[in-house]
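>>> got a predicted model here, sequence first, then my questions.
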Amino acid sequence: MKVTIGLEAALDEAPQAIRDSRGFGLLCNQASVDDQFRHAADLMHARFPGKLKALFSPQHGLWSAQQDNMIETAHGVHPRLSVRVHSLYSETRRPTQQMLDGLDLFVIDLQDVGTRVYTWIWTVVHCMEACAQKGIPVLVLDRPNPIGGEVAEGPLLDRSFASFVGLAPIPMRHGLTLGELARCCNDLLGIGADVHVQPMRGWNRSMLWPDTGRAWIPPSPNLPRYEGVLVYPGQVLLEGTNLSEGRGTTTPFEQWGAPFLDPWQLLPLLAPRALHGVALRPIEFEPTFHKFCGEACKGLWVHPTDARTFRPYRTTLALLRAVQELWPQESQWRDPPYEYEKELMPIDILCGNATTRQWIENAGPWTQLDEHANAPDTWWPSVRRFLHY
């Protein structure tokens, strides 16, 4: 049975917040579509005539056209709907009070990918902050967590490493839907926004994306395939290194490497690490842009073979530790800035702490892998009250 997402449920039976609204804004991007691939802005404009007053876009822009981090998107006007499009990845990452003028409701329809460092939730947090200041309620049209709602990975973010890739103490792989996460962050950060969630119908926590019966629409330029989403909670750490995460290829995050790597040396070191649900295949590739553009890179393709037992964060920690042991001089950490953080190391704000980097640098034994990879036992009990499914 196909899952009915929040957008479709709201169109079918309008939530009270929309019925009462005289004018609402909509935070969305190119993946904000229904099961017929019709865009949320068009659908909301037609279903609620005269009420859609403004659009807001996250990182990469309304049509996900801009690459990488700190490549900003300009503001604009929707060519057919004739409403302003406010970029929230521009000179500002949060709505100004002027952007919210004339609105009495803020609607959010974004496809999250279940990973803390994916900036959608932090754009949502800034929107909740701005709406709380102006007394505007927020309505999240919920969508599935594509990597499921039963597994969490990684320690909670240390608040001293807060940034635009993590503002609240949540694990790297959090297991929540965007609606659940918005309510959770509203509480954890003491925002005080009036947050409502339009739930889905037919989704349960054990579902992975293929179980939903829906096509995968890339929510950002470098997650074109669902397989990339499966590996992303770990492979995104490569953005904090000089290793290529596969940007500049057609399958970023699924393949990774560098000119100095030898995959045949890596595999024996990784074999004893109990990396379940994944196969690692030696490859060569040549990025057309980004790191090592035009250079031959050697590395590994990360193939999830059992998505339910695969632990992407643990897997990438093992990959990075092995690279550091074999090529300690050639492998380097990326310097700031990264996602507008100018002081802290990118790998530290990605991990949410400095101790993981120190372990990768061989400050502790391999037996500590799970200590750095696992989410705390307290995570699920602490968020149970925010769960809708």
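That came in fine, so what should we check first?
>>> how about Leu141, what does it touch?
5-7, 9-10, 40, 107-109, 179, 198 (Cβ atoms under 8 Å, 6 or more residues apart in numbering). Yep, even glycine has a C-beta here, placed from its N, CA and C like the rest.
>>> can you put those in TSV and add distance to Pro336?
Below are the contacts of Leu141 laid out as TSV (distance: Cβ to Cβ, whole Å):
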residue	distance to Pro336
Ile5	37
Gly6	36
Leu7	37
Ala9	42
Ala10	40
Ala40	35
Val107	34
Ile108	29
Asp109	32
Gly179	32
Gln198	38
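>>> from those, which land in helices?
Members of the contacts of Leu141 lying in helices (criterion: DSSP state H): 6-7, 9-10, 40, 179.
>>> report the two of those separated the most.
Greatest spatial distance among these (Cβ to Cβ): Ala40 and Gly179, at 14.9 Å.
>>> show me what the helix or strand containing Thr315 is packed against.
Under the criterion of DSSP states H and E, Thr315 resides in helix 312-326. On a contact count with 3 or more Cβ pairs under 8 Å, 6 or more residues apart in numbering; DSSP states H and E, helix 312-326 meets helix 226-235, helix 263-270, strand 297-304, helix 369-373.
>>> identify whichever of these lies nearest to Ala65.
helix 226-235 (18.1 Å).
>>> how far off centre is the closest one?
Averaging C-alpha coordinates over helix 226-235 and over its chain gives two centres that are 10 Å apart (Cα atoms, centre = their mean, to the nearest Å).
>>> leaving out sequence neighbours, find the closest residue to the residue nearest the centre of the chain.
Taking Cα atoms, centre = their mean, the centroid of the chain lies closest to Tyr118, which sits 2.5 Å from it. Setting aside the residues directly before and after it, Tyr118 is nearest to Asp112 in space (Cβ to Cβ, 6 or more residues apart in numbering), at 6.4 Å.
>>> show me where this structure has its strands.
24-27, 52-57, 76-77, 84-87, 105-108, 138-141, 195-198, 255-258, 278-285, 297-304 (DSSP state E).
>>> would you mind finding the most buried of the ones you listed?
strand 105-108 (a mean of 28; mean count of other Cβ atoms under 10 Å).
>>> and it, average pLDDT?
Average pLDDT, strand 105-108: 98.
>>> and for stretch 131-144?
On average, stretch 131-144 scores 98.
>>> of the contacts of Leu141, select the buried ones using a PyMOL command.
Applying 16 or more other Cβ atoms under 10 Å to the contacts of Leu141, the buried members can be selected in PyMOL as follows:
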select buried, resi 5+6+7+9+10+40+107+108+109+179+198
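>>> in the stretch 201-350 of the chain, where is pLDDT below threshold?
For the stretch 201-350 of the chain, no stretch has pLDDT under 70.
>>> hmm, Leu266 is touching Gln324, no?
No: if you go by Cβ atoms under 8 Å, Leu266 and Gln324 don't touch, sitting 11.3 Å apart.
>>> mind checking which of these two has more residues around it?
Leu266 (23 against 17; other Cβ atoms under 10 Å).
>>> contact partners for the residue nearest to Phe292 when sequence neighbours are not counted?
The spatially closest residue to Phe292, leaving aside those adjacent along the chain, is Ser244, at 5.2 Å (Cβ to Cβ, 6+ apart). When contacts are counted by Cβ under 8 Å, 6+ apart, Ser244 is found next to 238, 256-258, 285, 287, 290-292, 297, 299.
>>> take the residues you listed and write them to a markdown table, including distance to Arg205.
Formatted as a markdown table, those follow (distance: Cβ to Cβ, whole Å):
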| residue | distance to Arg205 |
| --- | --- |
| Leu238 | 29 |
| Trp256 | 30 |
| Gly257 | 35 |
| Ala258 | 37 |
| Phe285 | 36 |
| Pro287 | 37 |
| His290 | 35 |
| Lys291 | 36 |
| Phe292 | 39 |
| Cys297 | 37 |
| Gly299 | 34 |
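>>> of those residues, closest to Ala65?
Of all the contacts of Ser244, Ala65 sits closest to His290, with 16.1 Å by Cβ to Cβ.
>>> ok, so what distance separates that closest one from Glu245?
Distance of His290 to Glu245, computed by Cβ to Cβ, to the nearest Å: 8 Å.
>>> likewise Arg357?
Counting by Cβ to Cβ, the gap from Arg357 to Glu245 is 17 Å.
>>> the two: who's more crowded?
Glu245 (27 against 20).
>>> tell me if I'm right that that one and Thr251 touch.
No: applying Cβ under 8 Å as the test, Glu245 and Thr251 come out as separate, 10.6 Å apart.
>>> how about low-confidence regions in the stretch 1-150 of the chain?
For the stretch 1-150 of the chain (pLDDT under 70), the answer is 1.
>>> quick one, what contacts the residue nearest to Tyr118?
Here Asp112 is in contact with 118, 120-121, 143, 145, 177-178, 181, 219 (Cβ under 8 Å, 6+ apart).
>>> likewise for Asp335?
345-346.
>>> so what does it look like in phi/psi?
phi -90, psi 150 (degrees, to the nearest 10).
>>> now the helices: where do they sit in the stretch 101-250 of the chain?
Ranges of helices within the stretch 101-250 of the chain are 120-134, 178-188, 226-235, based on DSSP state H, counting those that start in this stretch.
>>> now do the last one against strand 297-304, angle only.
Using axes from the mean of the first three to the mean of the last three Cα atoms, to 10 degrees, the inter-axis angle of helix 226-235 relative to strand 297-304 is 110 degrees.
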